[in-house]
Structures are given as C-alpha cells and as structure tokens.
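K.L.:
next comes the sequence, and after it the predicted model I'd like to discuss.
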Amino acid sequence: MSDKRMNAIGRRQQYRRRLRGEKKAVSPVVATLILILIAVAAAAALYLWLVAWQGGVTSGIGSPGAQYTVTIGGSTSVYPFAQQAATWFDDNNSDVSISVNQGGSGAGMAAVCSGQIDIGEASTFYGTGSQPAATPPAIQTSYGCPSTVAVEVIAYDGVDAITSSANAHGLQSITWDTLQAVYVASSTTTATAATNLHLLGALTMGNGLASQTGAPVLVATPAGAGFAWDQIPACAPATAAGACAGTTEAVTTVAVTGTTTIPGTETACGTNDLCDAAATDASTCGWTVCAGGTVANPATNTIVTEARSDVSGTTQSFISRLLAVGASGSSALGLGFTGCSGDNQFDGCGMTIGHTAAGNPAVISAVSGNPDAIGYASDGLVQTAGSGVIPVNFQGYGQTVVVAIQGESAALKAIALGISDHEGNNAAINGAQAYVGWRPFINVETAPPTGESLRYLQWIMDPANNEAVAAATAEISVYASGLAGSVPVTPIP
C-alpha cells in the first residue's frame, strides 16, 4: 500500500477518534438535562395522579364503585324527600349514585327540559284536569319540554301560612279572604286580574272599637302600605294592655257572605266575622280585632308579608289553594291548582311583594327573624323542630271550620283528609278537618324513564319504600291510608 494511501487512512481514523472524543464530552450534559426533564415530568404526573385519586375518593363517598350517576334537581319542598330517598337508594345500589340539588320548581323544570339533569322535581300540579296524574301540557309550553314528557306523583305535602315562633301578636288562625286581603294590601303595585281576585277595591274591616257593637266601616285597601296587626279580622287572643285587654277572641272566624263574591250564607252573629268587598254583604254585627302586641312590637305595627322571589310551585300553591285566586263555585272543590296568569306567581296578578327570598328555607328564615311577619312555606319544612316558625290554623275557601294544622300529627291527618275528600269529589271537605293547602310532589323526565333513572323511580314508588321515606320526612305517601281509590298512583313500568 502506498504511503499516500496509508496517510489518508490514518487521517480518517484520527478524525473518527476526535469525533468520538467530542461525543463523549457532550453526553454527560445531555444526560443530565434528560434526567432533569424526566424528574419534572414524573413529579407532575405524580401530582396529577394524587389529585385525581383524592377527587375519586371524595366523589365516591357514599357510593363506592358507582358507575352511573342520576342527576335530580328542583323544588326546595321536595328536596328533603328526594335526599332521603337518594341516601337509602345508594345504600342498596352501589353501582348508581343519585345526585340531588335544589333551586326551586321553576329551575327544576327548566333544567330537565333543557337536558341538564335527568329528573326534575316540582311541588305543584302542572296541567289540566282534576287528577294529579293528568297530562301536564303546561310543562311543554312553559319550559320547552318535548311531547314525550313523563310525570310521576311521588308524594304529597302542604303549604302553610306561617308566623314567627316569637310572633308578638298571638295569631291563632286566619281565613282565606283575610289572608288574600293582607297580601293584596301589601303589594307595592295595584293588583289586577279582577276575575281572579276576590277582594279588590274597598274591604270591609272592623270599626276598631273595644267591643263588638257598632257598624263596620269600609276601609280602602292601602296599596303598598299594608294592614296593621289590629286592622284585620283574625283570631288572636289579646296579649297586651289596651282596649282589648282581657278580651279573648274566638278560635274560629265565620265567613259572612251573601250574593256576590264570597260563597256561603249569612251566619248569626256571636263571634268575629268577615265581610267581602260589597257593602250590601257587610255584617250588621260589627267586631273588634283584638290582635295583641308588646312594647317592642305593638299591634299597630304593619304586617310584613314574605314571599318567594324564584318561580316556585310553593307560591303557585299558596296563591291558588290558600288565597283562592281563580276559585269558583261555593265550596273547596272549586279550588284549582293555577294561581295568577303567566307562570302563576304574584306578578301574574299585578302584585309586587316587597319582601322576597329564594327558596323555602330562606322564607322560613325571614319570617322566623321578624315578629311582625307572615309568610308561607312547605309544611314538611315548617313542622321541622327548630324551624323558628309555626303554621297558622286555616279556614279555607268555602269551609265553615278552621282546620288545625299546628303540630305535625294534626297537619298530616288534615292534609291526607284534604287530598282524599277533594279527589273523591266529597263536599264534606267544607265542614271537615280537611286542609285545602295540599299539593303533589312530582318527578318529571323528558321521556319515559329507562336505565338507572327507571331503577330509581321503581325503587321510590315501591309502596314500602315510599311510605318509609314519607314517614322520615313528614310527608304524605301516595300509598297513605285513606287515599286508596281516591288518588291515582302513577304506574312505573
């Protein structure tokens, strides 16, 4: 081999050695960088894994291994019933988790119809017909639900007029027309829809004297100002010194009517009475309202009315069942389930209630904290120990007696009897201890339920389960004694 070729081979070998030497010098730096990147990535991955693991543990509490979630939302009245049902269902169905939220009947209907939740809950009857199982076209038109909407009545409850447990005025009972007058007078806007309201214009109130003698006088509705506690005919024992000291009002009030808006017949005088807007129907007896008071909260204080600010089945039931807006006929059988126009809230009657709060718990809290307040809320929540409010015994539209609802046991019996009598078309409701303030709890789906939703509904509509949940939450089961044959039970396939 020539020297020239040997030199060329040597130079190439030397170049390769130098190249290998340079690579050896760079490799430790590259390796270090790679190790750093790997360490950072591993730390990040570990962090993300830990967060995911922690989240998995938290979400799995109460439903270990759950593979499916059924979402439910809506009425604050139905919430305790649904929450109890979900807890017991989860205990027996480890592969399904029931998520229950509250926000009002209107929110529940909007959410289910828009596909955000699986089951919507409302605390009122939507639809036409006299039976709770009637097809609810109002849900379709008001919330854009498809025509395949499915509805199940899962329980019953009542809506109570309520005052604070610390109420200074001793209110024991009230009638539907007095209650309507109180809310109409408290509105900051002039009530409209004269065909629905029974007490528009001038109201016949007491003469304010310290006896039941003298002619009653017409007192114009003080729009926006409201009535004081000593201005309305209500059953309240005197609790403070003054003109009414020592005078005890009767436990019941007698509806004095005649030929115009309030059904019934003139009743012989002898106790407090009520008159409607027509002067010709005024009682000839006169009366004195002996609503009591204290130094801090005198009887001259204005009655503060509380109401719901959200679209609420409770408000709809209160307006239609307790205030008798839109009622017809001469008995409690003439009460419907629709209140004012539109969404059946106060604004549909042109009324604006100044004190409002979202949800039953918020209204209860507002009334509880104000000795001058009167409001309304779900009976199941009102009767809960420590609620801070008490229900007001009530004389309903067309009824001749005051129905006792103070005390959970009394309320449950009165609500059950009211449901049974009304749905059985029994006119005996007029004189019985049957509460007109009842309303159904309903579940709504956009289509006949299937899968896990169907399993949950079948569980909640099982007679034993339904009665157990109702008993635990102070509600009326659809299978309650006395309702069989008069109240339809929605079949779950």
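P.N.:
Structure's in. What do you need?

K.L.:
all helices for the stretch 251-400 of the chain, in order.
P.N.:
Under the criterion DSSP state H, counting those that start in this stretch, the stretch 251-400 of the chain carries helices at the ranges 313-317, 360-368, 379-382.

K.L.:
can you lay out the ones you listed as JSON lines showing mean neighbour count and distance to Ala296?
P.N.:
From N, CA and C alone the C-beta is placed, and that goes for glycine too. Rendered in JSON lines, the data for the helices of the stretch 251-400 of the chain read as follows (neighbours: other CB atoms under 10 Å; distance: least, CB to CB, whole Å):
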{"stretch": "helix 313-317", "mean neighbour count": "30", "distance to Ala296": "30"}
{"stretch": "helix 360-368", "mean neighbour count": "23", "distance to Ala296": "16"}
{"stretch": "helix 379-382", "mean neighbour count": "28", "distance to Ala296": "24"}
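
K.L.:
pretty sure Gly359 contacts Gly106?
P.N.:
No: here Gly359 lies out of contact with Gly106, judged by CB atoms under 8 Å, at a distance of 11.4 Å.

K.L.:
what is in contact with those two at once?
P.N.:
With contacts defined as CB atoms under 8 Å, 6 or more residues apart in numbering, the residues adjacent to both Gly359 and Gly106 are Asp310.

K.L.:
mind checking how far the spatially closest residue to Val78 that is not a sequence neighbour is from Val311?
P.N.:
If you skip the residues right next to it in sequence, Val78 has Glu121 as its closest partner in space, 4.3 Å away by CB to CB, 6 or more residues apart in numbering. When CB to CB, to the nearest Å is applied, the distance between Glu121 and Val311 equals 14 Å.

K.L.:
comparing the two, which residue is more hemmed in?
P.N.:
Between Glu121 and Val311, counting by other CB atoms under 10 Å, Glu121 is the more crowded of the two (32 against 20).

K.L.:
quick check: bridge partners of that one?
P.N.:
Glu121 forms beta bridges with Gly74, Asn443, as assigned by DSSP bridges.

K.L.:
from the contact counts, what lies against the host helix or strand of Val153?
P.N.:
Element membership for Val153, per DSSP states H and E: strand 150-164. With contacts taken as 3 or more CB pairs under 8 Å, 6 or more residues apart in numbering; DSSP states H and E, strand 150-164 sits against helix 360-368, strand 373-378, helix 379-382, strand 389-391, helix 408-423, strand 438-445, helix 463-472, strand 476-477.

K.L.:
make it 7 Å
P.N.:
With contacts defined as 3 or more CB pairs under 7 Å, 6 or more residues apart in numbering; DSSP states H and E, strand 150-164 has these neighbours: helix 360-368, strand 373-378, helix 379-382, strand 389-391, helix 408-423, strand 438-445, strand 476-477.

K.L.:
wait, Asn360 sits on Thr315?
P.N.:
No: checked against CB atoms under 7 Å, the pair Asn360 and Thr315 is beyond contact range at 10.2 Å.

K.L.:
how's this structure carved up into domains?
P.N.:
As given by automatic domain parsing, the domain ranges for the chain are 68-157+441-477, 161-438.

K.L.:
can you put those domains in TSV and add distance to Gly485 and mean pLDDT?
P.N.:
Below are the domains of the chain laid out as TSV (distance: least, CB to CB, whole Å; pLDDT from 0 to 100):
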stretch	distance to Gly485	mean pLDDT
domain 68-157+441-477	12	87
domain 161-438	8	71
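
K.L.:
out of those, flag the one nearest Val487.
P.N.:
With distances scored as CB to CB, the stretch of the domains of the chain nearest to Val487 is domain 161-438 (5.2 Å).

K.L.:
list the contacts of stretch 90-109.
P.N.:
Counting by CB atoms under 7 Å, 6 or more residues apart in numbering, stretch 90-109 makes contact with 62-76, 79, 82-83, 86, 89, 120-124, 139, 143, 310-313, 343, 358-359, 444, 452, 455-456, all of which sit outside it.

K.L.:
hmm, 6 Å instead?
P.N.:
Counting by CB atoms under 6 Å, 6 or more residues apart in numbering, the neighbours of stretch 90-109 from elsewhere in the structure are 62-63, 65-76, 79, 82-83, 86, 89, 120-123, 139, 143, 310-313, 452.

K.L.:
so how far is the first residue of that stretch from its last?
P.N.:
By CA to CA, to the nearest Å, the extent of stretch 90-109 from end to end equals 24 Å.

K.L.:
likewise stretch 313-325?
P.N.:
End-to-end distance of stretch 313-325: 15 Å, with CA to CA as the criterion.

K.L.:
in the stretch 101-250 of the chain, which spans are strands?
P.N.:
The residue ranges that make up the strands of the stretch 101-250 of the chain, judged by DSSP state E, counting those that start in this stretch, are 119-122, 150-164, 173-175, 202-205, 217-220.

K.L.:
take the helices and strands packed on strand 150-164 and write them to JSON lines, including distance to Gly170.
P.N.:
Putting those into JSON lines (distance: least, CB to CB, whole Å) gives the following:
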{"stretch": "helix 360-368", "distance to Gly170": "16"}
{"stretch": "strand 373-378", "distance to Gly170": "13"}
{"stretch": "helix 379-382", "distance to Gly170": "18"}
{"stretch": "strand 389-391", "distance to Gly170": "11"}
{"stretch": "helix 408-423", "distance to Gly170": "19"}
{"stretch": "strand 438-445", "distance to Gly170": "27"}
{"stretch": "strand 476-477", "distance to Gly170": "30"}
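
K.L.:
of the ones you listed, give the one that comes closest to Pro488.
P.N.:
Distances from Pro488 to each of the helices and strands packed on strand 150-164 were compared using CB to CB; the minimum, 8.2 Å, belongs to helix 408-423.

K.L.:
what comes up buried for the closest one?
P.N.:
Buried residues in helix 408-423, counting neighbours by 16 or more other CB atoms under 10 Å, are found at 408, 410-423.

K.L.:
mind picking the two most distant members of these?
P.N.:
Farthest apart among those - using CB to CB - are Glu408 and Glu423, which lie 22.6 Å from each other.
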